[in-house]
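In: prediction below, plus the sequence it came from.
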Amino acid sequence: MQVFELHFNPKNTEDRIIDAFSYQPANIYEKKLGNLYMTGELNQAMPQNSRFLNNLASVIQKEYYSAGLKKSCQQSLQDSLKKANEFLDGQVQKANVSWLGNLNFSTLSFSDFALNFTKIGDMKIWLFRNGELLDISQDLESQEAEIYPLKVFGNIVTGRLAQNDKVIVLNKDVFSALTQEKDFLRQLEQISDEKGLKEFLKTKKQILTEVSGICLLILVNEESTAKQTLTFHQDVPKFSFRQTFKIPKIKLTIPRKKIILVLGLILILVVGFFIFR
């Protein structure tokens, strides 16, 4: 498996933070859980949130690998997203709300060809297999969280990868710019190594200098273990995936004192209106 992180003009805007995070098992106990990848984008970022993405990724990574051999990849990801929701709820309780509606984030785990992922916001996740292109994050985009005003981590999508599959994660700006090019996704599907990727990027230099964003490209190739390779020497079935593990949604509560103050202000404005008519 080869993984490429592509950052496009990361310093293009001062109020946007874009980053990617890659984690591998640190010991034999974590090996069962495989690799963990995250991409994040925070728009209209305030100075105090300069490490917001790093902190969120750290919460997910720490909880994901904490179980070791005790949990499956799906259960570990489920529990890590619960922790992520608790982290986000904690930020709101601290009156840090500028990230609401401005956070785009994806989390993917890979172990023995098993793929588990989720996302919030405008991240796009595509699968390339045998000439077919699938937007495997599409169903997640149709799910609205019952909170104001952000879609936080909800369901997990699970599936099975095959030899020579490609998974690509892009933020909205990079996706929009590249998909304007004819046969962009088909060209990307032909990439099989670092050399091919560099050649592809040369042809897109003009449009890539005009956007700011991130792209995570994962190639499932012969570098996987022999046992895994042998499993896929014949024609493989089409990628199928299902949604599992509904994550409890956080409720962004507003302190009672603030509600009373707001109602009091409204009452004063109404009384003033009738006095000075």
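Out: Nice, thanks for sending it over. The structure displayed is predicted, hence computed values, not measured ones.
In: would you map the helices across this structure?
Out: For the chain, the helices defined by DSSP state H cover 52-66, 73-93, 138-141, 172-179, 184-189, 194-203, 205-208, 226-231, 256-275.
In: among those, show the one with the smallest mean pLDDT.
Out: Note on the helices of the chain: helix 226-231 shows the lowest mean pLDDT, a mean of 25.
In: indicate which one of the helices of the chain is closest to residue 18.
Out: Smallest distance to residue 18 across those (Cβ to Cβ): 8.1 Å, for helix 52-66. Any C-beta I mention is one placed from the backbone N, CA and C, and that applies to glycine too.
In: dump the closest one to PDB, restricted to CA.
Out: Coordinates of the C-alpha atoms in helix 52-66 are reproduced here as PDB (Å, rounded to 0.1, in the frame of the first residue of the first chain):
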ATOM      1  CA  PHE A  52      -7.900  22.500  16.400                       C
ATOM      2  CA  LEU A  53      -7.400  19.900  13.600                       C
ATOM      3  CA  ASN A  54      -4.300  18.500  15.400                       C
ATOM      4  CA  ASN A  55      -6.200  18.100  18.700                       C
ATOM      5  CA  LEU A  56      -9.200  16.500  17.000                       C
ATOM      6  CA  ALA A  57      -7.000  14.000  15.200                       C
ATOM      7  CA  SER A  58      -5.100  13.200  18.400                       C
ATOM      8  CA  VAL A  59      -8.300  12.400  20.200                       C
ATOM      9  CA  ILE A  60      -9.400  10.000  17.500                       C
ATOM     10  CA  GLN A  61      -6.000   8.400  17.100                       C
ATOM     11  CA  LYS A  62      -5.500   7.900  20.900                       C
ATOM     12  CA  GLU A  63      -8.900   6.200  21.400                       C
ATOM     13  CA  TYR A  64      -8.700   4.100  18.200                       C
ATOM     14  CA  TYR A  65      -5.400   2.400  19.200                       C
ATOM     15  CA  SER A  66      -6.200   2.200  22.900                       C
END
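In: give the buried residues for that helix.
Out: If you call a residue buried by 16 or more other Cβ atoms under 10 Å, then helix 52-66 has these buried ones: 52-53, 56-57, 59-61, 63-65.
In: name the nearest of those residues relative to residue 181.
Out: Nearest to residue 181 out of those is residue 53 (Cβ to Cβ; 28.3 Å).
In: next one: the nearest residue to the closest one once chain neighbours are set aside from residue 99, what distance?
Out: Leaving out its chain neighbours, the residue that sits closest to residue 53 by Cβ to Cβ, 6 or more residues apart in numbering is residue 40, at 4.0 Å. Using Cβ to Cβ, to the nearest Å, residue 40 is found at 11 Å from residue 99.
In: now do residue 207
Out: Distance, residue 207 to residue 99, by Cβ to Cβ: 29 Å.
In: which ones are touching residue 87?
Out: Contact partners of residue 87, counting by Cβ atoms under 8 Å, 6 or more residues apart in numbering, are 55-56, 59.
In: let's go with 7 Å and repeat that
Out: Contacts for residue 87 were tallied using Cβ atoms under 7 Å, 6 or more residues apart in numbering; they are 56, 59.
In: swap in residue 188?
Out: Contacts here follow Cβ under 7 Å, 6+ apart; on that basis residue 188 touches 168, 200.
In: rewinding a little: and residue 207 and residue 99? Which one has more around it.
Out: Using other Cβ atoms under 10 Å, the more surrounded residue of residue 207 and residue 99 is residue 99, with 21 against 15.
In: phi first, then psi, for that one.
Out: The phi and psi values for residue 99, taken as degrees, to the nearest 10, are phi -80, psi -10.
In: my guess is it contacts residue 52. True?
Out: Yes: under the criterion of Cβ atoms under 7 Å, residue 99 is in contact with residue 52, at a separation of 6.2 Å.
In: tell me, what's touching those two both at once?
Out: Residues touching both residue 99 and residue 52 by Cβ under 7 Å, 6+ apart: residue 42.
In: before we move on, the earlier item: ok, so of the buried residues of helix 52-66, who is nearest residue 15?
Out: Lowest distance from residue 15 to the buried residues of helix 52-66 (Cβ to Cβ) belongs to residue 52, with 12.4 Å.
In: can you tell me the closest non-neighbouring residue to the closest one?
Out: Nearest in space to residue 52, with sequence neighbours left out and distances taken as Cβ to Cβ, 6+ apart, is residue 42 at 5.7 Å.
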